[in-house]
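> What follows is a predicted protein model with its sequence.
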Amino acid sequence: MNRSNAKRPPGPIPGQCPRRNVRQNFRQNFRRGVGPSGRRIAALIAAAWCLSLAFLAVGLRASAQEWDGAGNRVSPDSRRLMPNLEAVDLDQLDTVDPAPQDLETFEDGLADAGASPAGQRPDLNPLGGLSGQGDRAPVRLRLEWLPERDLKGLEGGLAINSQALSLAFPLRFDADGRGLWLGLAGIRSLEADTDTPLPDSGRRLPERFWDIDFGVMRLRSWEDGRRVGGMVRVGSPSDRPFAEWRDVSVTFLVFASIPSGERNAWSASLFYSPTGQIVFPLPGLAYVWRPSPQFEASLGLPFSLTYQPTETLTLQASYRPLNQVRVHLRQRFGDAWSFLASYETVNDAFWSSERENDRERTYFFDQRLALGLRRDLPGGWFIEGSTFYVFDRKVFQAERFSRDRSDLLPIETGIGASVQVVWAR
């Protein structure tokens, strides 16, 4: 699709890259030429990634002498256990998943993708992947393609592709080994390629949105199984990130878990994200029920369930308000391969720099049925590829996800694909 001849509002569009005159095959949907402004943006992305990786290397080097091959932290005097990273989705952080009550299971859960319910950013996210493990992994790189499809009732089409990198790295361990500070960083680019103006306002949909954020998480646990934690992230999901204060978001999460009996627990949380489906602090309360090692359910909000009928088959399901649903199936075969299948709803929200209403958000929503394969690699890495059928697709403007929508761009159903590389330790 060629956007160079399309009429645009006067003045330059920040971050826009000039188009090539000729596109061939899939490049017609997925690539655009890069000019000086594009090179500056690419340089900023590369610098941010290098800085994040440097922080990761420093954190790993500082803690390398205190970890063994199984992922457990040790010292000359005693073996220390890392607080549970499974309790929270380190990338999207829109919910708190129930976590094992026994500290001995913390690292086992990280090593086994099918051991606990997987949460995704509804927000994100679209970045969760099929295997579930990527949601809490220290390093994850994800690429996603949605080729151009026609707009329903409007002339033209829309193609979307995205790239994302997320990192979580240790900053400091408590002396007793039961507490941890984590650094968090992420960068994501979402490209929306269309010539069609928004039907109500007449504005152009920004060609590229960014979601750049960083933050810190605190985790603490006790011998009796109690656990508390919190997280703060500062970001700017916008086509011009950090250009104005109104484009800056602050996301926070606090949570606590109290044991109930030998296996079960009560879990409480409070989460707020200004770009979530619910734009006010969302409380959560659930009873974590574990009748057997093969079954675990969080009964309440958020809801999640994990069932492992065999050693190689795992079923996971989760729900968060308003309509964030995910059902995931993983079947292992052999020592390194897994078959993946899932259904999920995906929701992204950004701020347009040209919006007249500060509270107006640009939403991208769809539902997906996906099939994929996962290959485990040495050193705790794995690679995952999937194709998915996308339906109920729409882009719209609104102050809230569920009301007063405008500038609706309904998109025809289609096929998409994704690839992600994850270091799960």
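Yep, it's here. Source: prediction; values computed, not measured.

> surely Phe388 meets Gln367?
No. With contacts counted by C-beta atoms under 8 Å, Phe388 stays clear of Gln367, the gap being 9.7 Å. From N, CA and C alone the C-beta is placed, and that goes for glycine too.

> can you pull the buried residues of stretch 394-404?
Buried positions in stretch 394-404, judged by neighbour count with 16 or more other C-beta atoms under 10 Å: 395-398, 400-401.

> Dump those to JSON lines, plus distance to Met217 and secondary structure.
What follows is the buried residues of stretch 394-404, written out as JSON lines (distance: C-beta to C-beta, whole Å; DSSP: H, G, I helix; E, B strand; the rest coil):
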{"residue": "Val395", "distance to Met217": "32", "secondary structure": "strand"}
{"residue": "Phe396", "distance to Met217": "32", "secondary structure": "strand"}
{"residue": "Gln397", "distance to Met217": "32", "secondary structure": "strand"}
{"residue": "Ala398", "distance to Met217": "30", "secondary structure": "strand"}
{"residue": "Arg400", "distance to Met217": "27", "secondary structure": "strand"}
{"residue": "Phe401", "distance to Met217": "26", "secondary structure": "coil"}
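
> circling back: between Phe388 and Gln367, which has more neighbouring residues?
Phe388 (24 against 17; other C-beta atoms under 10 Å).

> And that one, how close does it get to Tyr343?
For Phe388, the distance to Tyr343 (C-beta to C-beta, to the nearest Å) stands at 9 Å.

> what's the overlap in contacts for the two?
Counting by C-beta atoms under 8 Å, 6 or more residues apart in numbering, the contacts common to Phe388 and Tyr343 are 368-370.

> Of those residues, keep whichever come out buried.
For the shared contacts of Phe388 and Tyr343, buried by 16+ other C-beta under 10 Å: 368, 370.

> Which ones among the shared contacts of Phe388 and Tyr343 map onto strands?
Judged by DSSP state E, the subset of the shared contacts of Phe388 and Tyr343 located in strands is 368-370.

> would you turn these into TSV with distance to Ala164 and pLDDT?
Shown next, in TSV, are these (distance: C-beta to C-beta, whole Å; pLDDT from 0 to 100):
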residue	distance to Ala164	pLDDT
Arg368	16	97
Leu369	21	98
Ala370	17	97
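
> Reformat those residues as CSV; add distance to Arg188.
Below are these laid out as CSV (distance: C-beta to C-beta, whole Å):
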residue, distance to Arg188
Arg368, 18
Leu369, 23
Ala370, 19
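
> Among these, pick out the one closest to Gly414, please.
Nearest to Gly414 among those is Arg368, at 10.6 Å by C-beta to C-beta.

> and the closest residue to that closest one other than its chain neighbours, helix, strand or coil?
In space, Arg368 comes closest to Phe388 once its chain neighbours are excluded; the distance is 4.4 Å by C-beta to C-beta, 6 or more residues apart in numbering. Secondary structure assignment for Phe388 (DSSP: H, G, I helix; E, B strand; the rest coil): strand.
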